[in-house]
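>>> Give me the fold of what follows.
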Amino acid sequence: MHDIDTMLAALNDEGLPAQLATIDGPVMKGLGAYGERQFSRRGMVLAIGIAGFLGLSLGIDGGAPAAAEPLLAMPASAPSHLLND
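Now for the predicted structure:
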């Protein structure tokens with residue numbers, strides 16, 4: 001344990017390398033970009049959640065009742081159908 005204390009004291013006495021003086025700007029820029037990405041992701045997730053909730057709540061309600069006409073048959077209001085009756 002005494003060796004570790006001696007090494008830490010020696011590191012404390014040494015000065016910082018010159019390369020570390022220029023690291024602050026890029027690190028802060030990277031942190032800012034990361035925060036912006038997280039903020040936009042949260043907004044996107046919130047928008048998707050709201051859209052999904054509204055879609056499910058309106059879809060479960062059912063809306064108007066379904067028409068009784070077959071999907072691929074001639075509609076009852078088509079002119080040729082009215083002439084055949």
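>>> Residue 40 versus residue 20, what's the distance?
Per CB to CB, to the nearest Å, residue 20 is found 31 Å from residue 40. Any C-beta I mention is one placed from the backbone N, CA and C, and that applies to glycine too.
>>> Over to residue 10?
For residue 10 relative to residue 40 (CB to CB), the value is 46 Å.
>>> do the same with residue 14
With CB to CB as the criterion, residue 14 and residue 40 are 42 Å apart.
>>> These two: which is more packed in?
Set residue 14 next to residue 40 and count neighbours by other CB atoms under 10 Å: residue 40 wins out with 10 against 7.
>>> remind me, longest helix of the chain?
Criterion DSSP state H: the longest helix present in the chain is helix 24-61.
>>> and that one, how far from the chain's centre?
4 Å (CA atoms, centre = their mean, to the nearest Å).
>>> Over to stretch 45-64?
17 Å.
>>> any idea how far residue 46 is from residue 40?
The spacing between residue 46 and residue 40, counted by CB to CB, is 11 Å.
>>> In this structure, what helix or strand scores lowest on average pLDDT?
Within the chain, no helix or strand scores below helix 79-84, which has a mean of 64 by mean pLDDT, DSSP states H and E.
>>> Around residue 42, count how many other residues there are.
For residue 42, the count of nearby residues is 10 (other CB under 10 Å).
>>> low-confidence ranges in the chain?
For the chain, the stretches flagged by pLDDT under 70 are 1, 61-77, 80-85.
>>> at 80 what do you get?
Applying pLDDT under 80 to the chain flags the ranges 1-2, 59-85.
>>> Phi first, then psi, for residue 23.
Taking degrees, to the nearest 10, you get phi -90, psi -20 for the backbone angles of residue 23.
>>> how many neighbours does it have?
By other CB under 10 Å, 10 other residues sit near residue 23.
>>> Next one: it relative to residue 13, how far apart?
21 Å.
>>> same question, residue 28
From residue 28 over to residue 13 the distance is 28 Å, taken as CB to CB.
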